[in-house]
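J.: pasting a predicted model and its sequence here:
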Amino acid sequence: MNLKQVRIQNFRNLKDVTVNLNDVNLLIGPNNSGKSNVLHAIRLGSMIVERNLLYKAKTKYANPVNDEEYTKWLTSVGLENDQEICNLSFLFDTESNSESEIYLSLTIFKKYSFETKIEWGITKEINTSMNLLEKFLTDNDSSFLYIEKLREVIIFRQLPLSKKASDTFSNLNGFLLQDTNLIEKSQNIIKKFVNFPIYEIAPKELRKPYGLTSDKFIDFDGSNIVSFFDYLSSSREDIKEELKKTLTLISKDFSGYRLEGLDYVPTEIRNKFPTDTIKRFGLIDSKSYENTIWAEYLSDGILYFLALLCVVHQPYPPPILLLEEPEKGIHPRRIREVMDLLFALAEEKKIQIILTTHSTFVVDEFTDFPENVTVFDNNEETITVKNLKNDILKKIDDSLEKNNYPKDYLEQSLGENWALGLLGGIPN
């Protein structure tokens, strides 16, 4: 699944922004500029799909969202009155040879309580304007299992993803000449857009003992890694071995992990868990199998690597990985290694990555592909977004050329130029 574009309207401090996406994406800007809210909008959108199109079915990437959490997210949108609506629009590739795109529109509004409306459609040609699709949605009343065709657009309203649309609407064959299974493929893609966590891995949390609760999913901060390791050891030996192999490729100092029960567990830790079995973990020294380096003595960088590996080695890793500030708690010299790992994961595991940062070192890692960087600014409470390559660097290059300066006139690195304010995305 490849998410190509996100348009967010009236969500918290984002009034109307559009972000184009690639395989690995970086969002930069000052505090309160909306970059984290892009991740939150994607997270909320995936929750709405889970709750309304899958009908609380058990999802693959995380524990199902409960009623309290879902309501909390809906109320956090920031609608001030019954006249306001929030719209989250997503554009996907169809992963087929038909050069079509999938459009998903999620509308949030408030009557007696918060409600949602879901519409999704298929376009026959790539790069079809979102504006055309949105105009079509606006010009037609919504109803259950309603389908229309306008120009080269098909729109479904509230169609359950478990229902075969092509069986219900047999008259679509003339529209979908190139790929008669396109609707089912589109449904399968939207089924994957469910319940994506936002990971904000905290190495210090990985050092703490944890109760064994057979967790199949890694928590957003990585704190339940001990329980996840226990699940792999008892139920998924195949994933455990794959994880060990990947770990040895990243660091030849370790050959695997080990769990150990504790003779004494502080009361505040024991009271957190519904089980008496509380353990810690460590990594096995590759030079001596008997020697274990326990988590409390491992570096922040190694712990961050390990948590990321666990995220992507879950039984069903999320196809979209949302990361908040991966540089937190990591020595600057290890940031390049973390970014190298992220790029490798995107390529090898076919995972799309969207991350935020305040680190110049992370920005430097995008020097060769600035088109993957979106710059956020907050000017007098108006949020603007620009593509670093197409909207900012091109303008700088044109200005340098016009004034007969060489294009390498800016001697600093990409991250340093950002910190100096030459690229935007800094505090006023």
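T.: Perfect, thanks for sending it. Residues are numbered from 1 along each chain as shown.
J.: list the contacts for the residue nearest to Asp215 when sequence neighbours are not counted?
T.: Nearest residue to Asp215 in three dimensions, chain neighbours excluded: Ser227, at 4.1 Å (CB to CB, 6 or more residues apart in numbering). For every residue, glycine as well, the C-beta is placed using N, CA and C. Ser227 makes contacts with Tyr210, Gly211, Leu212, Thr213, Ser214, Asp215, as judged by CB atoms under 8 Å, 6 or more residues apart in numbering.
J.: how about the residues you listed, which pair is most distant?
T.: The widest separation within the contacts of Ser227, taken as CB to CB, falls between Tyr210 and Ser214 and amounts to 11.9 Å.
J.: more neighbours, those two?
T.: Taking Tyr210 and Ser214 together and counting by other CB atoms under 10 Å, Tyr210 has the greater number of neighbours (28 against 11).
J.: and the strands in the stretch 101-250 of the chain?
T.: In the stretch 101-250 of the chain, the strands defined using DSSP state E, counting those that start in this stretch lie at 101-110, 114-123, 146-150, 153-157, 198-199, 210-211.
J.: by mean pLDDT, show me the worst of the ones you listed.
T.: Mean pLDDT per stretch puts strand 146-150 lowest among the strands of the stretch 101-250 of the chain, at a mean of 40.
J.: Val194 and Lys60, how far apart?
T.: Here the distance between Val194 and Lys60 works out to 8 Å (CB to CB, to the nearest Å).
J.: and if you look at Ser233?
T.: Following CB to CB, the distance that separates Ser233 from Lys60 is 21 Å.
J.: of those two, who's got more company?
T.: Taking neighbours as other CB under 10 Å, Ser233 and Lys60 compare with Lys60 leading, 17 against 13.
J.: sec struct for that one, please.
T.: Secondary structure state of Lys60, per DSSP: H, G, I helix; E, B strand; the rest coil, is coil.
J.: hang on, it packs against Lys216?
T.: No. Contact between Lys60 and Lys216 fails when scored by CB atoms under 8 Å: they sit 9.3 Å apart.
J.: how does the protein divide into domains?
T.: Residue ranges of the domains in the chain are recorded as 1-197+318-428, 203-317, according to automatic domain parsing.
J.: what segments of the stretch 101-250 of the chain are helices?
T.: Listed in chain order, the helices of the stretch 101-250 of the chain (DSSP state H, counting those that start in this stretch) span residues 130-138, 165-168, 182-192, 203-206, 225-235, 237-250.
J.: can you pull the contacts of the residue nearest to Val226 when sequence neighbours are not counted?
T.: Excluding the flanking residues, the one nearest Val226 by CB to CB, 6+ apart is Tyr210, at 3.9 Å. In this structure, Tyr210 makes contact with Ser223, Asn224, Ile225, Val226, Ser227, Phe273, Ile278, Lys279, Arg280, judged by CB under 8 Å, 6+ apart.
J.: possible to save the residues you listed as CSV with pLDDT and distance to Thr374?
T.: Putting these into CSV (pLDDT from 0 to 100; distance: CB to CB, whole Å) gives the following:
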residue, pLDDT, distance to Thr374
Ser223, 95, 30
Asn224, 95, 31
Ile225, 97, 31
Val226, 96, 36
Ser227, 96, 35
Phe273, 89, 40
Ile278, 94, 42
Lys279, 95, 42
Arg280, 96, 40
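J.: would you agree Lys386 falls within a helix?
T.: No. Counting by three-state DSSP, Lys386 is located in no helix; its state is strand.
J.: report how many residues lie close to it.
T.: Applying other CB under 10 Å, I find that Lys386 has 18 neighbouring residues.
J.: host element of the residue lying closest to it once chain neighbours are set aside?
T.: Using CB to CB, 6+ apart and skipping residues adjacent in sequence, the residue nearest Lys386 is Val375, 4.9 Å away. Val375 is part of strand 373-379, with elements assigned from DSSP states H and E.
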